[in-house]
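I would like the atomic coordinates for the input below:
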Amino acid sequence: MLLKNYGVKVEFTPLALDLIADKAFESKTGARSLRKIVDEVLNPTFKNADRLSGETVIITPELIELLIPKFSPPINESLSHLYI
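Next up, the predicted model:
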């Protein structure tokens with residue numbers, strides 16, 4: 001709703017959508033990871049919505065790679081003694 005109020009449009013390239021799906025699949029946490037990735041990708045747009053008024057933001061794979069670091073699985077509590 002925030003973006004709509006400022007007239008900001010967001011478009012995802014097909015390859016960006018594929019990359020988001022791949023990253024979410026890697027995390028093995030289902031829809032939660034999808035939401036987290038999309039939130040992290042859109043966060044800069046949300047924060048700058050007033051300055052982007054009337055603009056179209058295009059989400060590309062390059063932008064996703066820049067904003068989302070390489071996947072690192074959560075540490076399994078039963079194996080946490082192996083990580084120092």
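
need the longest helix for the protein.
For the chain, the longest helix by residue count, based on DSSP state H, is helix 31-47.

Using CSV, list the CA coordinates for that helix.
The C-alpha coordinates for helix 31-47 follow below in CSV (Å, rounded to 0.1, in the frame of the first residue of the first chain):
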residue,chain,number,x,y,z
ALA,A,31,6.9,-19.6,2.2
ARG,A,32,8.6,-17.9,5.1
SER,A,33,11.9,-17.7,3.1
LEU,A,34,10.0,-16.4,0.0
ARG,A,35,8.5,-13.6,2.1
LYS,A,36,11.9,-12.8,3.8
ILE,A,37,13.7,-12.5,0.4
VAL,A,38,11.0,-10.3,-1.2
ASP,A,39,11.0,-8.1,2.0
GLU,A,40,14.8,-7.7,1.9
VAL,A,41,14.7,-6.9,-1.8
LEU,A,42,11.9,-4.4,-1.5
ASN,A,43,13.2,-2.8,1.7
PRO,A,44,15.3,-0.1,0.0
THR,A,45,12.3,0.8,-2.2
PHE,A,46,10.0,1.1,0.8
LYS,A,47,12.6,3.3,2.6
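
Who are the packing partners of it?
helix 2-6, helix 14-27, strand 56-59, helix 61-67 (3 or more C-beta pairs under 8 Å, 6 or more residues apart in numbering; DSSP states H and E). (Glycine included, C-beta is placed from N, CA and C.)

Just send these back as TSV, with mean pLDDT and distance to V41 too.
TSV is the format used below for the helices and strands packed on helix 31-47 (pLDDT from 0 to 100; distance: least, C-beta to C-beta, whole Å):
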stretch	mean pLDDT	distance to V41
helix 2-6	89	13
helix 14-27	90	7
strand 56-59	95	6
helix 61-67	91	5
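
Present the ones you listed as TSV; the columns should include distance to R35.
Below are those laid out as TSV (distance: least, C-beta to C-beta, whole Å):
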stretch	distance to R35
helix 2-6	16
helix 14-27	9
strand 56-59	15
helix 61-67	14
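
Sweet, I'm off.
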